[in-house]
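Trainee: What shape does this take:
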Amino acid sequence: MTQPLRQLLLVSLAVACMTPAPRALAAPTPSPCASDAQSRQLDFWVGDWAIGGKGAGATASSHVSLTLDQCAVVEQWDGGRGHRGENIFAYSTDDKNWHGMFVDNEGRVHTFPEGKASPDGVTFTGPGVGADGAPVLNRVRITRVGPNRVDQWWEKSSDHGSTWTTAFRGEYSRKNP
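Mentor: Below is the predicted model:
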């Protein structure tokens, strides 16, 4: 091997040893949400569910999963008779608050800019409009009843939260406990 070729190989080897490993070979950066206790407060809800009314058999279904590196909880539901929707929930480390948004295939969108967690679940509140066009306050509570049971209550108030009327109550039963 000639001297110039040997020097070129040594320089190439030195450069290769000093170059950082490609990103694909580097250890993945863990998601900040994966280890954040606040972001994990709805994990009990992840799974496949049959949904029925109080004391009634299941007429709807739900699939709840984590997405965006475990920073968001997404519920995809089928209420039967062609009515479907998706709900997304996330804990914001910026304002230390849960947020939610509900969208269905009938053009309804509900936002919940405030959500507070308790040991049993999370309660979301947000503004809405009633059937008569008057403003209402919406409140959705997602509550762990047991390892294979979750209740969801959707309530509305036309008096700024003094009294509440139940708009929906779903009893979620885990499909594959």
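
Trainee: Which parts of the protein are strands?
Mentor: 47-52, 58-67, 72-78, 84-92, 97-104, 109-118, 121-129, 135-146, 149-157, 165-174 (DSSP state E).

Trainee: Show me what the longest one is packed against.
Mentor: By that I understand strand 135-146. Counting contacts by 3 or more C-beta pairs under 8 Å, 6 or more residues apart in numbering; DSSP states H and E, strand 135-146 packs against strand 109-118, strand 121-129, strand 149-157. C-beta: built from backbone N, CA, C; applies to glycine.

Trainee: and what of the second one?
Mentor: If contacts are counted by 3+ C-beta pairs under 8 Å, 6+ apart, strand 58-67 sits against strand 47-52, strand 72-78, strand 165-174.

Trainee: quick one, which of the ones you listed is nearest to Gly130?
Mentor: Nearest to Gly130 among those is strand 165-174; the distance by C-beta to C-beta comes to 10.1 Å.

Trainee: The closest one to strand 135-146, inter-axis angle?
Mentor: Relative orientation of strand 165-174 and strand 135-146, computed by axes from the mean of the first three to the mean of the last three C-alpha atoms, to 10 degrees: 30 degrees.

Trainee: center of the chain, which residue is that?
Mentor: Val73 (1.4 Å; C-alpha atoms, centre = their mean).

Trainee: any idea how far Ile88 is from that residue?
Mentor: Separation of Val73 from Ile88 (C-beta to C-beta, to the nearest Å): 7 Å.

Trainee: residue ranges with poor pLDDT in this structure?
Mentor: Residues of the chain meeting the criterion pLDDT under 70: 1-27.

Trainee: Find the residue closest to Ser31 in space, skipping its chain neighbours.
Mentor: Asp69 (3.6 Å; C-beta to C-beta, 6 or more residues apart in numbering).

Trainee: What of Val140?
Mentor: Nearest non-adjacent residue to Val140, counting by C-beta to C-beta, 6+ apart: Phe124, 4.7 Å away.

Trainee: Tally up the residues packed near the one you found, please.
Mentor: 25 (other C-beta atoms under 10 Å).

Trainee: measure Ile142 to Trp154 for me?
Mentor: In terms of C-beta to C-beta, Ile142 sits 10 Å off from Trp154.

Trainee: Mind checking which of those two has more residues around it?
Mentor: Per other C-beta under 10 Å, whichever of Ile142 and Trp154 has more neighbours is Ile142, with 28 against 18.

Trainee: my guess is the more buried one meets Ala117, correct?
Mentor: No: using C-beta atoms under 8 Å, Ile142 makes no contact with Ala117, being 9.9 Å away.

Trainee: Wait, the residue nearest to the centre of the chain touches Tyr91, no?
Mentor: No: using C-beta under 8 Å, Val73 makes no contact with Tyr91, being 9.1 Å away.
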